[in-house]
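Engineer: here's a sequence, model it:
(2 chains)
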Amino acid sequence: MKILGENGIGKFLKIFLQTCFYGGIILLLILPFELQMVGLHLNATAMVIYPNGIALLVIAYQFIGLFDSLKNNNPFCMENVKRLKVAGIASAVESALWTLDLLYEIFLVKYFDVIIVLVLTFMILLFIGVSIALYILSELMKQATQYKEENELTI
Amino acid sequence: MIIVNLDVMMAKRKISSQELAEKIGITQANLSILKTNKGKAIRFSTLDKICEVLECTPGDILDYQVTL
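Structural biologist: Just a heads-up that it's a prediction; the model follows:
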């Protein structure tokens, strides 16, 4: 399957991410009603969903731009370096928020459920990993873009 | 930084950008990049052709200026 170009995989991934992005906005907007429907209230634990959701939306938005550049056959540009860096920072923020949530559950609520702790720990490690991977990718992209520009401007 | 004085040499030899580009086998857009000092590097083969066509040495085309 083609990766670059108008009918490449970038186009489909962009459409998928756009659906996730706008769906995510709607889900965040109607969150209090969703909680009410399942008999919950918007308490401190549920409130963590908002910053987490916003961080995820930031990541999705950056990747929409990234896949858009794949569609336009121009993946090696400084905008993509910035996009990967922003997504990496958002991922680190996400990890920090999950850490705060874990600490809140253990020390303030004093609610210790092994499954919840395991899930939260997994999320923390996952987003730390994603953040480091995105930072490394942004540095690689920066180097590749510089090489590309140098090659293009060698007459 | 390295300064390309190609336009000075071209004026001395009374040769147009189009003619020079055709003779050295590069596009006018690339020649413009060279003339406007936007290029990052120049191949020896390109420099060789420029010198051959303009009957000059690399020193006549390239100059060094201290960056402040």
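
Engineer: by contact count, what packs against the longest helix anywhere in chain B?
Structural biologist: Of all the segments of type helix in chain B, defined by DSSP state H, the longest one is helix B:44-54. The contact analysis (3 or more Cβ pairs under 8 Å, 6 or more residues apart in numbering or on different chains; DSSP states H and E) places helix B:44-54 against helix B:6-13, helix B:17-24, helix B:58-61. Where C-beta positions appear, they are placed from N, C-alpha and C, glycine not excepted.

Engineer: run the last query once more with 7 Å
Structural biologist: helix B:17-24, helix B:58-61 (3 or more Cβ pairs under 7 Å, 6 or more residues apart in numbering or on different chains; DSSP states H and E).

Engineer: A:E34: which of those helices is closest?
Structural biologist: helix B:17-24 (64.8 Å; Cβ to Cβ).

Engineer: by how many degrees do that closest one and helix B:44-54 diverge?
Structural biologist: 120 degrees (axes from the mean of the first three to the mean of the last three Cα atoms, to 10 degrees).

Engineer: what separates helix B:17-24 from the chain centre, distance-wise?
Structural biologist: How far helix B:17-24 lies from its chain's middle: 11 Å, per Cα atoms, centre = their mean, to the nearest Å.

Engineer: stretch B:16-31 now?
Structural biologist: With Cα atoms, centre = their mean, you get 10 Å for stretch B:16-31.

Engineer: alpha carbons only: can I get that stretch in PDB?
Structural biologist: Extracted C-alpha coordinates of stretch B:16-31, given in PDB (Å, rounded to 0.1, in the frame of the first residue of the first chain):
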ATOM      1  CA  SER B  16      22.800  36.100 -19.400                       C
ATOM      2  CA  SER B  17      21.500  33.800 -16.700                       C
ATOM      3  CA  GLN B  18      19.600  31.700 -19.300                       C
ATOM      4  CA  GLU B  19      22.700  31.300 -21.500                       C
ATOM      5  CA  LEU B  20      24.900  30.400 -18.500                       C
ATOM      6  CA  ALA B  21      22.400  27.900 -17.100                       C
ATOM      7  CA  GLU B  22      22.100  26.200 -20.500                       C
ATOM      8  CA  LYS B  23      25.900  26.000 -21.000                       C
ATOM      9  CA  ILE B  24      26.600  24.600 -17.500                       C
ATOM     10  CA  GLY B  25      23.600  22.300 -17.700                       C
ATOM     11  CA  ILE B  26      21.600  23.500 -14.600                       C
ATOM     12  CA  THR B  27      18.200  25.000 -14.400                       C
ATOM     13  CA  GLN B  28      17.700  28.800 -14.200                       C
ATOM     14  CA  ALA B  29      16.100  28.300 -10.800                       C
ATOM     15  CA  ASN B  30      19.200  26.600  -9.400                       C
ATOM     16  CA  LEU B  31      21.500  29.300 -10.900                       C
END
